[in-house]
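Participant: Just to be clear, the model below is a prediction. Sequence and coordinates:
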Amino acid sequence: MALVSEFLGQLTLGFGGVSIKREARFPTVVPAPDFDPEKDASWIDTAIKTKGVDEHIIIDILTKRTYTQRRDIAFEYERKAKKDIVTALKGALSGSLENVIMGLMKSTAQYDAFELRASVKGLGTDEESLIEMVCSRSNEELLEIKKVYRDVFKKDLEKDVAGDTSGDFAKLLLALVEAKRDDPSNVVDYEKIDSDARALYEAGVKRKGTDVATWITIFSERSVPHLQKVFERYKNYSPYDIKDSIRKEVKGDLEKSFLTLVECFENKQLYFASKLNEAMKGKGVKEKVVNRIIISRCEIDLLKIRKEFKKQFSKSLYATIVEHTRGDYQRALLNLCGGDD
């Protein structure tokens with residue numbers, strides 16, 4: 001029953017006795033009505049044992065259940081079949097479909113933790129994945145990820161990030177991973193908005209060289225609504241907007257990280273929509289990027305990402321998936337997408 005206990009270990013609502021404020025959700029995967037985990041487990045067992053494996057049944061059950069429901073299915077499967085459902089699925093599936101299904105059998109926080117671990121372990125660092133996940137996750141998400149990371153890998157995410165990155169890039173990522181961002185306030189502090197806007201200008205465009213430490217503090221600790229107002233106020237001081245200022249002041253992974261933060265502060269769902277569009281342009285699909293966004297956001301805000309995708313690119317995410325993917329992999333992604341727009 002190791003798998004079941006691992007699943008149950010993901011149900012965390014707070015850390016150190018501190019409750020965490022949850023953001024509004026706009027999922028495409030919602031609880032299935034009339035849910036019967038015992039029946040679902042039986043269907044999956046039959047599908048795995050079928051000669052040639054019935055992938056459609058596996059897909060249509062697991063992509064149309066929430067993680068909590070999948071956990072219940074796993075419990076029933078293990079109880080009846082006396083074996084681990086993840087091991088059974090891994091043995092029955094392969095390739096792109098296996099990657100999606102294996103991702104779905106993890107909680108969102110566990111999936112993110114595994115993706116972050118993969119981006120920092122071994123030779124070389126997957127900076128693109130690291131930047132996307134660390135810069136786009138909320139305090140709530142980062143705290144959950146860090147707990148899972150420690151539980152699963154017996155390591156601190158901070159130490160692994162520090163060991164695999166360097167310089168100001170490492171300092172920014174570590175500041176973000178600390179999850180010290182202020183919660184949004186109902187009170188608008190115009191004096192602090194002006195002070196932060198001026199500080200960003202004086203630490204960058206106004207001087208020779210960049211005081212990156214000041215930028216890191218403001219970008220990693222202020223609330224998102226506050227920063228949105230800071231960036232607007234910034235235009236009163238600088239001849240360049242905040243994005244152009246970033247491009248002028250810093251380069252490489254640090255530049256990409258600051259720009260990702262600004263894009264997520266302005267419209268996080270548009271950021272993810274743009275990443276999905278980029279991953280499905282031209283020949284070939286960047287499956288790792290597509291999988292990561294769709295799997296990690298399908299129970300959070302994929303519905304809003306879908307709407308931003310249609311608005312920005314004049315075509316639906318659903319139609320784009322149809323155009324660029326095939327077979328069982330396509331079926332799984334379309335189910336998670338949740339419909340056409």
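Facilitator: Right, received. Where do you want to start?

Participant: can you tell me which helix or strand E132 belongs to?
Facilitator: Assigned by DSSP states H and E, E132 falls within helix 127-136.

Participant: For T63, which non-adjacent residue is spatially closest?
Facilitator: N335 (3.7 Å; CB to CB, 6 or more residues apart in numbering). Bear in mind the C-beta positions are built from the backbone N, C-alpha and C, glycine included.

Participant: Okay, that neighbour and I321: tell me how far apart.
Facilitator: To I321, N335 is 10 Å away according to CB to CB, to the nearest Å.

Participant: Show the average pLDDT along the longest helix anywhere in the chain.
Facilitator: Longest among the helix segments of the chain by residue count, using DSSP state H, is helix 252-279. Computed over helix 252-279, the mean pLDDT rounds to 98.

Participant: Buried residues of the helix or strand containing the residue nearest to T63, list them for me.
Facilitator: For N335, the element it lies in under DSSP H and E is helix 327-337. By neighbour count on 16 or more other CB atoms under 10 Å, the buried set for helix 327-337 is 328-337.

Participant: could you dump these to a markdown table with distance to A109 and pLDDT?
Facilitator: A markdown table is the format used below for the buried residues of helix 327-337 (distance: CB to CB, whole Å; pLDDT from 0 to 100):
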| residue | distance to A109 | pLDDT |
| --- | --- | --- |
| D328 | 27 | 98 |
| Y329 | 24 | 98 |
| Q330 | 27 | 98 |
| R331 | 26 | 98 |
| A332 | 21 | 98 |
| L333 | 22 | 98 |
| L334 | 25 | 98 |
| N335 | 22 | 98 |
| L336 | 18 | 98 |
| C337 | 22 | 98 |
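
Participant: wouldn't V148 be in contact with T108 here?
Facilitator: No. If you go by CB atoms under 8 Å, V148 and T108 don't touch, sitting 9.6 Å apart.

Participant: Go ahead and produce PDB holding the CA coordinates of stretch 245-262.
Facilitator: Only the C-alpha atoms of stretch 245-262 are listed here, as PDB (Å, rounded to 0.1, in the frame of the first residue of the first chain):
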ATOM      1  CA  SER A 245      14.400  48.100 -19.100                       C
ATOM      2  CA  ILE A 246      14.900  44.400 -18.200                       C
ATOM      3  CA  ARG A 247      16.200  43.700 -21.700                       C
ATOM      4  CA  LYS A 248      18.600  46.600 -21.500                       C
ATOM      5  CA  GLU A 249      19.900  45.800 -18.000                       C
ATOM      6  CA  VAL A 250      20.300  42.100 -17.700                       C
ATOM      7  CA  LYS A 251      21.000  39.100 -20.100                       C
ATOM      8  CA  GLY A 252      20.700  35.400 -20.400                       C
ATOM      9  CA  ASP A 253      18.700  33.300 -17.900                       C
ATOM     10  CA  LEU A 254      18.300  36.300 -15.500                       C
ATOM     11  CA  GLU A 255      16.700  38.300 -18.300                       C
ATOM     12  CA  LYS A 256      14.300  35.400 -19.200                       C
ATOM     13  CA  SER A 257      13.400  35.000 -15.500                       C
ATOM     14  CA  PHE A 258      12.500  38.700 -14.900                       C
ATOM     15  CA  LEU A 259      10.500  38.800 -18.200                       C
ATOM     16  CA  THR A 260       8.700  35.600 -17.300                       C
ATOM     17  CA  LEU A 261       7.800  37.200 -13.900                       C
ATOM     18  CA  VAL A 262       6.400  40.300 -15.600                       C
END
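
Participant: Name the surrounding residues that touch it.
Facilitator: 127-128, 131-132, 134-136, 165, 167-169, 172-173, 176, 200-201, 204-205, 210, 212, 215, 219, 231, 234, 238, 240, 242-243, 271 (CB atoms under 8 Å, 6 or more residues apart in numbering).
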